[in-house]
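**Student:** just to be clear, the model below is a prediction. Sequence and coordinates:
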Amino acid sequence: MYEIALIFSVASFLWIGFAYVRSPLFSVFHPLTFYLAFHGVVFVFRPVVVYLMDYRLIYQVYQFTPSMSDRVSALVATNIGMLVFVTACWWFGNAPMQFKTDRVALGEREMLKPTFWWMVVLLTPIGIYSLYDVWNTAVSTGGAYSNMIRDYRTGRAYNEGTSGYLVEAQLMLAGIAAILAWLMRFRLVALVPIALFAIYRAGLGGRGPFITALITVGLFYLYDRKRKNLPIWLLAIAPILLVVFTAVGDDRGASIRRALSDDQSSEVFGPKREERFMEGMDFANLEFMEYLVYVVPQRSGTYGYFNGVAQLFTEPVPRSIWPEKPIGAPFERINMFDYGLPLGMTRSLPGEGWFSLGWLGVIIWCGFWGWALGVIYRRFAEGEQSAFQVAAYLVFLPVLIVAFRDGQIVTVFRQCLFYLAPVVLWHFAARGVGVPPLAKIRAILAAKANAKPTGELAALNGTGPADWNDVPPAVRRRRLALQKPAGPAA
């Protein structure tokens, strides 16, 4: 029975994937690409490896044994989740990717560069201090997040003795570095910040942020070059990236810390069991799903009823202000640690749906995410694609890798709060000094083309009435870029 479900899982993924790749919708900028890549790795390819190699490590660690019915239900539920997500995201995001970079859009970027540097000056020191503080903690204690305390009743970790905002502020550096590379047209010197961030984040043992940063800068590059798909040569270096990803996880960045500083933290680790290919927790979402089916509602007797959404309202409050803040979602009805030892478990989209309301929950939750991401993508693809829209969307898109794996909407909030902070501040700074929106710039230039001079056109040129004299000269110079001929984007 399980073999039939596994064959059906592979066949349905290949069928949906082939239809998507053949459609005009296919591009690396569509959320469908990210979800199908995630689903294909953790719910299609790895389950085949697990079946052939008979992996049982997760079952031993979690101290549970799923029945054949549990295993089949988990596999079928993940495929239903994929089908619902694809249907909703395809329907509401049915718009081929368009690149709307022209002379006016390039001119807008030039106008925005001065305010970008103001934002860099304000936020970069905060991000560097955060990275420095966590790095020193890792070097001195052997753990980058020794301030994280695990509640052994619920298995959840939380910050103790420091602010989570300070710890995560370093994530702002990823967005800043990626946007910098884009604005500087990917000159080698402009790639140094993103490379340094990736190296130091890898040295902290956390792979999500540095992978997200590299994917972000890659998306900016493809957008700048007006390419919808990945270059073929990337497949050649994929094995190298997998080796780096695995190595960072094996020693939690200790090798990199030793290379960059006087770190002896690796000595605190005892012998580690040798794991086989993809045997560990990094890609074990199917076993996590089986554990959810094993517990909910068979042993818990109830569902979560989407209670995790309520965490959006408690998450922003610092624990220093609210010492009794719930660990995880408030009013949690189910403690997964009552039935095993699911350390490090992530639920994934279909898993969160199952936890919340079983089969119906999978349909609701995956459908909601497909609808939301389809709408966001369509607004971007069919919108004007101003510099802020491009920056916000391309910084947001790689966050989905973690969000799909975690399955909880609070993950998106937690990540985007820092990744998108530079874009938000940059936007307000630009509006504060009078840089007009892209649509308004186009309207002003259209008025000029129709020989209808306006005061706004004069202001755009930096030669307007006296009330525009306070605009910084650097901004006026950037605005003049719109009046100069510009060649097509590379």
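**Tutor:** Everything's here; your move. Residues are numbered from 1 along each chain as shown.

**Student:** which residues sit against whichever strand or helix holds residue 179?
**Tutor:** Residue 179 is located in helix 172-183, with elements delineated by DSSP states H and E. Contact partners of helix 172-183, identified using CB atoms under 8 Å, 6 or more residues apart in numbering, comprise 109, 113, 116, 119-120, 123-124, 126-128, 131, 190-191, 193-194, 196-197, 201, 209, 212-213, 216-217, 220-221, 223-224, 391, 394-395, 418-423, 426. Using the backbone N, CA and C atoms, a C-beta is placed for each residue, glycine as well.

**Student:** show me which of those are buried.
**Tutor:** If you count burial by 16 or more other CB atoms under 10 Å, the buried members of these come out as 109, 116, 119-120, 123-124, 126-128, 131, 190-191, 193-194, 197, 201, 209, 212-213, 216-217, 220-221, 223-224, 391, 394-395, 418-423, 426.

**Student:** just the pLDDT for the residue nearest in space to the middle of the chain.
**Tutor:** The residue at the geometric middle of the chain, judged as the C-alpha nearest the mean C-alpha position with CA atoms, centre = their mean, is residue 399 (0.8 Å). Among the per-residue scores, residue 399 holds a pLDDT of 92.

**Student:** could you do the one 5 residues further on as well?
**Tutor:** In this prediction, residue 404 carries a pLDDT score of 94.

**Student:** tell me which element it falls in.
**Tutor:** With DSSP H and E as criterion, residue 404 is part of helix 399-406.

**Student:** what about the closest residue to residue 53 other than its chain neighbours, distance to residue 38?
**Tutor:** Once flanking residues are discounted, residue 53 sits nearest to residue 276: 6.4 Å by CB to CB, 6 or more residues apart in numbering. Spatial separation of residue 276 from residue 38 under the definition CB to CB, to the nearest Å is 22 Å.

**Student:** who has more neighbours out of the two?
**Tutor:** Neighbours per residue, other CB atoms under 10 Å: of residue 276 and residue 38, the larger number sits with residue 38, 21 against 10.

**Student:** so the more buried one makes contact with residue 406?
**Tutor:** No - taking CB atoms under 8 Å as the definition, residue 38 is not a contact partner of residue 406, at 11.2 Å.

**Student:** now for residue 179, how many residues are close by?
**Tutor:** 25.

**Student:** likewise for residue 26?
**Tutor:** For residue 26, the neighbour count with other CB under 10 Å is 19.

**Student:** wasn't it part of a strand?
**Tutor:** No - Residue 26 is assigned coil when assessed by DSSP: H, G, I helix; E, B strand; the rest coil, not a strand.

**Student:** quick one, what contacts the nearest residue to it once chain neighbours are set aside?
**Tutor:** Closest residue to residue 26 in three dimensions, ignoring its sequence neighbours and counting by CB to CB, 6+ apart: residue 20, at 5.7 Å. For residue 20, the contacting residues are 26, 32, 36, 86, 90, by CB under 8 Å, 6+ apart.

**Student:** can you rerun that using 7 Å?
**Tutor:** 26, 32, 36 (CB atoms under 7 Å, 6 or more residues apart in numbering).

**Student:** give me the three-state assignment for it.
**Tutor:** When the structure is reduced to helix, strand and coil (three-state DSSP), residue 20 reads as helix.

**Student:** and the pLDDT at it?
**Tutor:** 96.

**Student:** ranges for the strands of the stretch 201-350 of the chain?
**Tutor:** Ranges of strands in the stretch 201-350 of the chain, per DSSP state E, counting those that start in this stretch: none exist.

**Student:** for it, give me the ranges with low pLDDT.
**Tutor:** Confidence mapping of the stretch 201-350 of the chain against pLDDT under 70 gives the ranges 205-206, 233-274.

**Student:** so what does the longest helix that the chain contains touch, helix or strand wise?
**Tutor:** Across the chain, the longest stretch assigned as helix under DSSP state H is helix 103-141. Using 3 or more CB pairs under 7 Å, 6 or more residues apart in numbering; DSSP states H and E as the contact criterion, the secondary-structure elements in contact with helix 103-141 are helix 164-168, helix 172-183, helix 387-396, helix 421-432, helix 438-449, helix 473-480.
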